[in-house]
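[1] quick check, what structure comes out for this input:
(one chain, ligands or ions: 1)
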Amino acid sequence: MRIRLEPGLCVGHALCAARAPEVYALDEQGFCQSDGAQVAAGFEEQARLGASQCPEGAITLWDEGEDPAAAERGPCA
Ligand code: SF4
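    Reported below is the predicted structural model:
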């Protein structure tokens, strides 16, 4: 499973990392820095929980071989 951040949608709520601190990394201003990151084995549910908390629908989770455009997105997508 990989993380994709939709360009321009992250506004720095930091809610993704608040729910899934082992999955989502933030910069010093609270913007998610995990675009393209691989979710470690066993952290898939935490990744989904963090993505579900993003009010901007900025996070897409997708698996290798899958079209990211058709993958899971946050609730506002
Ligand atoms: S990805 Fe969403 S929840 Fe996470 S910092 Fe960006 S806007 Fe906030």
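[2] interface residues of this structure facing the ligand?
    10-16, 30-32, 54, 56, 58-59 (C-beta under 6 Å from any ligand atom). Using the backbone N, CA and C atoms, a C-beta is placed for each residue, glycine as well.
[3] columns neighbour count and distance to Ala41 on top of these, output as TSV?
    Formatted as TSV, those follow (neighbours: other C-beta atoms under 10 Å; distance: C-beta to C-beta, whole Å):
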residue	neighbour count	distance to Ala41
Cys10	21	25
Val11	13	30
Gly12	12	28
His13	17	27
Ala14	17	25
Leu15	17	24
Cys16	28	19
Gly30	14	27
Phe31	15	26
Cys32	26	21
Cys54	26	22
Glu56	20	27
Ala58	24	24
Ile59	29	19
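[4] what about those, which are in strands?
    Among the residues of the chain next to the ligand, the members falling in strands (DSSP state E) are Ile59.
[5] possible to save the residues of the chain next to the ligand as TSV with pLDDT and distance to Glu44?
    Output for those, formatted as TSV (pLDDT from 0 to 100; distance: C-beta to C-beta, whole Å):
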residue	pLDDT	distance to Glu44
Cys10	97	21
Val11	97	25
Gly12	96	24
His13	92	22
Ala14	95	21
Leu15	96	18
Cys16	97	14
Gly30	94	24
Phe31	96	23
Cys32	97	17
Cys54	96	16
Glu56	96	21
Ala58	97	18
Ile59	97	13
